[in-house]
Structures are given as structure tokens and as C-alpha cells.
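[1] Need a 3D model of the sequence below.
(one chain, ligands or ions: 2)
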Amino acid sequence: MTENRRRYLDYMKSFLWQVKRQQRLEKDNHHCRRCYSTTQLTIHHLTYDRFGNEDLDDLITLCEPCHVKEHKKLREQNHVKPQQNQNRLSRQRSI
Ligand SMILES: [Zn+2]
Ligand SMILES: [Zn+2]
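    Numbering: from 1, shown residues only. Ligands and ions are numbered 1, 2, ... in the order given. Prediction:
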């Protein structure tokens, strides 16, 4: 397990995250933002830029099937355009 992955899992168990998660769920009225399902809800990170100190706008409520689709999409994007992804990373570093 990588360091980032461990940090992520620890954070998911933290009280801070539970509170933030709950706030996001309430803002989205406990509905998936893609299909309006009310079951199997999960909170997806739109960006990890502020990981551990997220704005509520960095997060989105999704149901598990939509969440899986979302990550599949992200993986495919990264897979298809590794070049562009590298550019994005180097830009972030220069900020
Ligand atoms: Zn959904
Ligand atoms: Zn996610």
C-alpha cells in the first residue's frame, strides 16, 4: 500500500471526514447527483488539491454505481491522454 493510499484510508475513518461527508450529503439532499438515487451513497472527490481540508465544492454525492462509473471514466481519460496528464501535474507543481 502506498503512503498516499494509507493517508486516504486514515482520513476516511476520521471524525473530520465524517462531518464533511454528512454536510455534503445534506447539501445534496441525500441524492446521487447523477441519477438521483438515494441508496448506496458515497462522497466522491472532484479534486484532491485540498485533500484533508476540502471545500464542500470539492466533493460530490454519488451512488456507488455512478461512483464506479466516474472512476472508470477518470481512469480511461488518464489512460488515453498520459501526455496531457503529465502536463497537468507539472503545472500544479509550479503554482
Ligand atoms: Zn447514481
Ligand atoms: Zn471517488
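
[2] Next, the buried residues of the lengthiest helix in the chain.
    When secondary structure is assigned using DSSP state H, the longest helix within the chain turns out to be helix 64-80. In terms of neighbour count (16 or more other C-beta atoms under 10 Å), helix 64-80 has its buried residues at 66-67, 70. Where C-beta positions appear, they are placed from N, C-alpha and C, glycine not excepted.

[3] So what pairs up with the residue nearest the centre of the chain in the strands?
    Within the chain, the residue whose C-alpha comes closest to the C-alpha centroid is residue 45; the distance, by C-alpha atoms, centre = their mean, is 1.6 Å. On the basis of DSSP bridges, residue 45 takes part in beta bridges with residue 59.

[4] Hmm, residue 52 and it touching each other?
    No. Under the contact definition of C-beta atoms under 8 Å, residue 45 does not touch residue 52, with a separation of 10.9 Å.

[5] okay, now residue 32: neighbour count?
    The number of residues packed near residue 32 is 22, by other C-beta atoms under 10 Å.

[6] From what I see, it and residue 61 are in contact.
    Yes. Contact between residue 32 and residue 61 holds when scored by C-beta under 8 Å: they sit 6.2 Å apart.

[7] overlap in contacts of the two?
    Taking C-beta atoms under 8 Å, 6 or more residues apart in numbering as the contact criterion, the residues that touch both residue 32 and residue 61 are residue 41.

[8] I am finished for the moment; much appreciated.
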